[in-house]
Each structure stands twice: as structure tokens, then as C-alpha cells.
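1. Fold the following, please.
(one chain, ligands or ions: 4)
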Amino acid sequence: MAPHWAGWLLAVGLWGLGFGAEMWWNLVPRKTVSSGELAPVVRRFSQTGIQDFLTLTLTEQTGLLYVGAREALFAFSVEALELQGVISWAAPAEKKTECVQKGKNNQTECFNFIRFLQPYNASHLYVCGTYAFQPKCAYIDMVTFTLEHGALEDGKGKCPYDPAKGHTGLLVDGELYSATLNNFLGTEPIILRNMGPHHPMKTEYLAFWLNEPHFVGSAYVPESVGSLTGDDDKVYFFFSERALEYNCYMEQVVARVARVCKGDVGGARTLQKKWTTFLKAHLVCSAPSRHLYLSHLQALHTLQDTSWHNTTFFAVFRARWGDVDLSAVCEYQLEEIQRVFEGPYKEYHEQSQKWGRYTDPVPSPRPGSCINSWHRHHGYTSSLELPDNTLNFIKKHPLLEEQVKPLRGRPLLVKKDTNFTHLVADRVTGLMEPPIQCCSLAQETAGYLRL
Ligand SMILES: *[C@@H]1O[C@H](CO)[C@@H](O)[C@H](O)[C@H]1NC(C)=O
Ligand SMILES: *[C@@H]1O[C@H](CO)[C@@H](O)[C@H](O)[C@H]1NC(C)=O
Ligand SMILES: *[C@@H]1O[C@H](CO)[C@@H](O)[C@H](O)[C@H]1NC(C)=O
Ligand SMILES: *[C@@H]1O[C@H](CO)[C@@H](O)[C@H](O)[C@H]1NC(C)=O
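-> Ligands and ions are numbered 1, 2, ... in the order given. A predicted model of the protein is given here:
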């Protein structure tokens with residue numbers, strides 16, 4: 001495949017433990033495998049003129065691997081990596097001309113880069129591309145592997161204009177949740193729910209909702225299943241953004257986790273067609289004893305378990321530490337994120353012009369919470385029925401006071417002179433040992449991390 005994916009390989013071996021060791025910032029895996037060494041067992045695909053293999057989707061329905069590249073899509077059988085189908089989907093010449101006229105690069109930007117590709121229903125995939133800075137989406141028939149060219153949809157808010165910008169999206173029950181930049185200039189960040197039976201839902205264009213975010217990942221957690229409180233399902237978003245709450249460091253970037261509730265349909269007067277359940281918190285990956293603080297999120301992997309309660313998130317962070325490039329991996333438990341989202345809010349104090357903990361009484365129902373049994377018992381059956389004081393409060397206080405700490409309070413791994421780009425985690429059950437989790441990291445090399 002193209003260089004972008006060439007390094008993404010199977011992982012073998014174990015990282016050493018011992019965070020306290022002298023070489024804590026440069027742990028050496030017990031075994032590292034380079035892409036060259038795996039050449040005999042790795043199957044490769046390349047095709048002249050095709051590059052930027054940006055999206056990979058493995059479906060259970062067909063057992064095929066779908067790949068989205070620049071102006072092309074491919075379907076592969078997984079075992080043999082045999083090509084089963086090709087779709088050519090280029091942006092038309094006139095769109096490319098317009099793109100160039102608006103000052104974009106005809107070699108690197110004015111193409112249709114596939115940025116979203118997921119199963120939509122039993123027979124179709126949904127795909128979105130940048131389409132020379134005029135994003136478009138379409139359905140793909142999985143049986144014939146053909147794109148329904150006749151029914152292109154506007155991709156605004158579903159896909160970034162700029163192929164280089166961070167983006168994440170998820171289809172849940174026919175509704176598309178996307179976190180992207182919603183305009184040509186890339187100045188309008190948005191978390192949007194589109195398609196399906198409801199009207200579109202979005203975030204407010206307010207800097208304290210989203211401020212120059214770089215979106216990295218998202219996850220659907222079916223928290224209604226077996227819930228004793230009648231809770232709703234949630235969608236989580238992971239990104240970095242420029243923080244407003246650090247009064248002295250105006251330039252500070254922080255990592256965030258945000259979430260919305262699946263049943264949210266917005267408010268009736270306040271927050272009409274806007275999320276009433278958008279909450280966000282600071283996602284910490286640091287080793288304070290080493291004066292190491294990481295904030296640039298690079299990749300995310302969600303590890304599901306048999307029960308959603310045990311969902312964990314693995315995040316890759318990048319940093320420059322002195323003149324050294326570092327990559328680090330932190331693990332977060334869903335429980336910890338939930339705890340922070342149920343805690344105190346942060347507030348901008350007009351008088352001191354500083355951000356701090358909100359200490360005054362909080363309106364009821366609790367702002368930002370999903371509609372649950374308590375709400376229904378008190379007559380609030382949907383977000384449309386929430387009182388204005390609850391909605392006005394959440395509009396001004398989407399940020400929580402407490403920070404989401406990584407498991408064990410520190411990174412699982414810190415490695416210098418690397419720029420990890422992707423991460424995959426899986427649970428492996430050893431024959432004689434208790435289950436271990438493995439974590440493979442990629443950039444021309446891969447390794448296992450034993451937890
Ligand atoms: C891209 O633009 C450059 C300079 O404007 C031009 O020389 C070149 O021919 C163009 N390439 C294509 C493929 O259109
Ligand atoms: C899936 O969605 C497509 C596009 O809306 C539609 O044409 C098709 O009939 C749907 N298939 C099923 C099995 O519902
Ligand atoms: C979550 O994981 C822990 C530890 O592996 C296990 O003891 C517990 O039963 C799991 N909880 C659920 C609800 O599966
Ligand atoms: C990591 O990425 C940065 C910025 O993209 C680059 O300057 C640096 O050389 C890279 N470091 C390594 C070890 O590849």
C-alpha cells in the first residue's frame with residue numbers, strides 16, 4: 001500500500017515494563033518488527049497514481065476490507081488481500097479548477113480525498129470525500145460495489161473541506177455523528193448529527209464550546225443497556241483544542257473528551273437544534289514527577305468489552321520535550337470520564353476575568369445530563385421540555401472543572417524520537433496467565449505493550 005499505511009503492521013513481542021527505570025522515556029520493546037522484516041508475510045497492494053489511503057473499514061456483513069484513497073475506493077478480501085472491486089470517484093474538472101482559483105494546491109489539495117467510509121445499512125456503505133474543497137457524500141451498493149453517482153449529497157459538516165484537517169465520524173442507527181470543520185476556511189468547528197429521522201443537531205459557534213479543535217476519534221457507548229437509572233446511549237469525541245481556561249498561557253493546547261446523548265433533540269427556545277447535552281473535559285496525559293505534560297492528541301483506539309461499563313480508551317499523544325520528539329500512550333476508563341462529567345462545572349468569572357470552579361447553586365434538572373428515569377418521573381420526557389434556566393446554564397458551562405486522569409495516573413508508555421501515528425489495542429488471554437491487554441503501536445515498527 002502507499003507509504004501512509006506501509007508501516008501499519010502486525011505486532012509481535014512485548015514492551016518492557018519498568019516506568020521507573022532510567023530510560024523511562026525511551027522504553028525498548030522486547031521485540032520490534034520493522035515493515036521490511038515482515039515483508040514475506042505481509043500482503044501489499046499498490047496501484048499507479050493511487051495514494052493517500054486514509055480510510056480503512058472492515059465490515060462483518062461482507063467480511064471485506066473497504067479502503068478509501070485519493071479519488072478511489074477499493075474492496076479487498078481480508079485473507080488474501082485480493083482486490084474484489086474498485087470505484088473511481090474523482091472530483092470533476094470544473095470543481096478542481098474552482099479549487100485552484102480559490103488558492104488551493106492542484107498537486108496536494110484539489111482532489112477528492114475519501115475521509116469517511118462506514119456501513120450505513122444491510123446493503124449500503126456511506127462515503128464522504130473532500131471533493132476538491134466542496135465535500136460530498138454518497139451511498140455505495142455493497143453487492144455490486146458501485147457508487148450511486150446519481151444521488152450525491154452535500155458533505156458540509158460531514159467531511160472536512162481540507163484533506164489535512166482532523167476529522168472523526170460515526171454512523172449510529174442511520175444517523176451520522178461527525179466532528180469536523182464546517183467551512184472552506186476551516187474556521188467553523190462543529191459536532192453535528194445529520195441524516196436519520198431527527199432534524200440536524202449541532203454545537204454552538206462559541207469559542208468556549210470548541211476552539212480551533214483538531215478532531216481525532218469518536219466512540220459510541222450504549223449506556224442505556226442494563227442501566228438502572230434509565231440512562232441514554234452516548235457518543236464521545238476526542239480532540240485537542242486551544243484552551244481558554246489557562247489565563248496565563250494564551251497559546252495553550254489541551255486534549256479533550258466531549259460527549260453528547262443519543263436522545264438529545266435540542267431545546268425548545270434556548271439551544272434550538274443545538275446540543276443540550278454537550279459536555280467536555282480536559283484529558284490529561286502527564287508524568288508530573290518528570291515534568292512531562294502532553295496535550296497534542298494524535299490517535300485514539302476504543303477497546304470495547306462484553307459490558308460497556310468496561311470500555312477503555314487508548315490515546316497516542318505527541319510532544320516536543322526540549323529538542324526531542326516524544327510519543328506517549330495513555331489509557332482512560334469510561335468510569336473516570338463519567339465521574340468527571342457528573343462533577344462541578346468550570347466558569348468564567350467576569351469580575352476577575354479568570355476561569356475557575358463554579359460554586360453557586362446548579363439548576364435542576366442537572367444541566368447537560370441525558371434524559372433518564374428521574375427526568376421522566378419529573379415530567380421531562382425530552383430535551384425539548386427542559387427549562388430555560390437549565391439550558392442557559394449548559395450553554396455557558398459546557399466545560400467541567402475536574403480533569404480526566406489516565407489509568408495509574410501516568411502514561412503507559414513514553415518513547416522518544418518517534419511520531420506514533422496509529423494505535424490498536426486488544427485483549428489477549430494467555431494460556432496459563434490472567435488476561436493481558438496488548439497494545440500495538442505503529443510507525444514502520446510495531447510492538448506489544450503488556451499491561
Ligand atoms: C498545477 O499548477 C501549476 C502552477 O500553477 C502548473 O504549472 C501545473 O501544470 C498544474 N498541474 C496540473 C496537474 O494541473
Ligand atoms: C439502505 O440505504 C439505501 C440508501 O438510502 C437504500 O437505497 C437501501 O434500500 C437501504 N437498504 C436497506 C436494506 O434498507
Ligand atoms: C470489568 O472488568 C473487571 C476486571 O477485568 C471485571 O472484574 C468486571 O467483572 C468487569 N465488569 C463487567 C460489568 O463486565
Ligand atoms: C516527528 O514529526 C515532526 C513534525 O512533523 C518532525 O519535525 C520530526 O522530525 C519527526 N520526528 C521523527 C523522529 O520522525
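
2. hey, what's the most centrally placed residue in the chain bridged with?
-> For the chain, residue 217 is the residue whose C-alpha lies nearest the centre (CA atoms, centre = their mean; 0.9 Å). Here residue 217 sits in beta bridges with residue 238, as judged by DSSP bridges.

3. so how far is residue 57 from it?
-> Taking CB to CB, to the nearest Å as the measure, residue 217 falls 15 Å from residue 57. Backbone N, C-alpha and C define where each C-beta goes, glycine included.

4. Please list all residues in contact with the residue nearest to the centre of the chain.
-> By CB atoms under 8 Å, 6 or more residues apart in numbering, the contact set of residue 217 is 168, 237-238, 299-302, 315.

5. Name the member of those with the most neighbours.
-> residue 237 (27 neighbours; other CB atoms under 10 Å).

6. what's that one in contact with, if anything?
-> Per CB under 8 Å, 6+ apart, neighbours of residue 237: 168, 179, 191, 215, 217-218, 256-259.

7. quick one: which of those residues sit in helices?
-> In helices, defined here by DSSP state H, there are no members of the contacts of residue 237.

8. In strands only, show me those.
-> 168, 179, 191, 215, 217-218, 256-259 (DSSP state E).

9. In a markdown table: those, plus pLDDT and distance to residue 278.
-> Output for the ones in strands among the contacts of residue 237, formatted as a markdown table (pLDDT from 0 to 100; distance: CB to CB, whole Å):
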| residue | pLDDT | distance to residue 278 |
| --- | --- | --- |
| 168 | 98 | 15 |
| 179 | 98 | 11 |
| 191 | 98 | 7 |
| 215 | 98 | 14 |
| 217 | 97 | 17 |
| 218 | 98 | 13 |
| 256 | 98 | 11 |
| 257 | 98 | 12 |
| 258 | 98 | 6 |
| 259 | 98 | 8 |
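
10. Quick check: of those residues, which lies closest to residue 346?
-> Closest approach to residue 346 among the ones in strands among the contacts of residue 237 (CB to CB): residue 256, at 12.3 Å.

11. show me what contacts that closest one?
-> Residue 256 makes contact with 213, 237-241, 280-283, according to CB under 8 Å, 6+ apart.

12. Residue ranges in the stretch 351-451 of the chain under the pLDDT threshold?
-> 429-451 (pLDDT under 70).

13. Could you restrict the contacts of residue 256 to the ones contacting ligand 4?
-> Filtering the contacts of residue 256 for neighbours of ligand 4 using CB under 6 Å from any ligand atom leaves an empty set.

14. Going along the chain, name the helices of the stretch 1-150 of the chain.
-> 3-6, 93-101 (DSSP state H, counting those that start in this stretch).

15. Out of those helices, name the one with the poorest average pLDDT.
-> Of all those, the minimum mean pLDDT falls on helix 3-6 (a mean of 31).

16. So which bits of the protein are right by ligand 4?
-> Checking the chain against ligand 4 by CB under 6 Å from any ligand atom, the hits are 325, 417-419.

17. Distance to ligand 3 and pLDDT added to the contacts of residue 256, as a markdown table?
-> What follows is those, written out as a markdown table (distance: CB to the nearest ligand atom, whole Å; pLDDT from 0 to 100):
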| residue | distance to ligand 3 | pLDDT |
| --- | --- | --- |
| 213 | 31 | 97 |
| 237 | 24 | 98 |
| 238 | 22 | 98 |
| 239 | 27 | 98 |
| 240 | 29 | 97 |
| 241 | 31 | 96 |
| 280 | 26 | 98 |
| 281 | 22 | 98 |
| 282 | 25 | 97 |
| 283 | 21 | 97 |
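
18. if we can go back for a sec, quick check on the contacts of residue 237: which are buried?
-> For the contacts of residue 237, a burial check counting by 16 or more other CB atoms under 10 Å picks out 168, 179, 191, 215, 217-218, 256-259.

19. Quick one: neighbours of the residue of the stretch 251-400 of the chain found nearest ligand 2, just the number.
-> Residue nearest to ligand 2 within the stretch 251-400 of the chain: residue 262 (20.2 Å; CB to the nearest ligand atom). Neighbourhood size, residue 262 [other CB under 10 Å]: 20.

20. pretty sure it contacts residue 231?
-> No - Residue 262 is not in contact with residue 231 according to CB atoms under 8 Å; the separation is 10.4 Å.

21. any common contacting residues for those two?
-> By the contact definition CB under 8 Å, 6+ apart, residue 262 and residue 231 are jointly contacted by residue 224.

22. Quick check: residues of the chain near ligand 3?
-> So the chain meets ligand 3 at 305-307, 309-310 (CB under 6 Å from any ligand atom).

23. need the helices for the stretch 251-400 of the chain, in chain order.
-> So, for the stretch 251-400 of the chain - with DSSP H, counting those that start in this stretch - the helices run 334-341, 373-377, 388-396.

24. would you turn the ones you listed into a markdown table with mean neighbour count?
-> Shown next, in a markdown table, are those (neighbours: other CB atoms under 10 Å):
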| stretch | mean neighbour count |
| --- | --- |
| helix 334-341 | 19 |
| helix 373-377 | 14 |
| helix 388-396 | 19 |
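
25. before we move on, back to that, relative to ligand 3, how far out is the residue nearest to the centre of the chain?
-> 22 Å (CB to the nearest ligand atom, to the nearest Å).

26. what's the closest residue to residue 266 other than its chain neighbours in contact with, if anything?
-> In space, and not counting its chain neighbours, residue 266 is closest to residue 273: 4.7 Å by CB to CB, 6 or more residues apart in numbering. Neighbouring residues of residue 273 by CB under 8 Å, 6+ apart: 199-202, 266.

27. how about a cut-off of 10 Å?
-> 198-202, 265-267 (CB atoms under 10 Å, 6 or more residues apart in numbering).

28. For residue 298, see how far away the closest residue to ligand 4 within the chain is.
-> Residue nearest to ligand 4 within the chain (CB to the nearest ligand atom): residue 419, separated by 3.7 Å. Separation of residue 419 from residue 298 (CB to CB): 8 Å.

29. And for residue 208?
-> In terms of CB to CB, residue 208 sits 24 Å off from residue 298.

30. With neighbour numbers in mind, choose between the two.
-> residue 298 (24 against 18).

31. I'd say that one and residue 239 touch.
-> No - in this structure, residue 298 is not within contact of residue 239 by CB atoms under 10 Å, at 11.1 Å.

32. who touches both of these two?
-> 166, 214, 216-217, 255.

33. tell me which of the residues you listed is nearest to residue 391?
-> Of those, the one sitting nearest to residue 391 (CB to CB) turns out to be residue 255, at 27.5 Å.

34. if we look at the sheet, which residues does the closest residue to that closest one other than its chain neighbours bridge to?
-> For residue 255, ignoring the flanking residues on the chain, the nearest one in space by CB to CB, 6+ apart is residue 283 at 4.1 Å. In this entry, residue 283 is beta-bridged to residue 255, residue 404, by DSSP bridges.

35. Kindly report the same for the one 10 residues further on.
-> Beta-bridge pairing of residue 293, defined through DSSP bridges, involves residue 286.

36. which residues touch it?
-> 252, 254, 284-287, 317, 319, 321.
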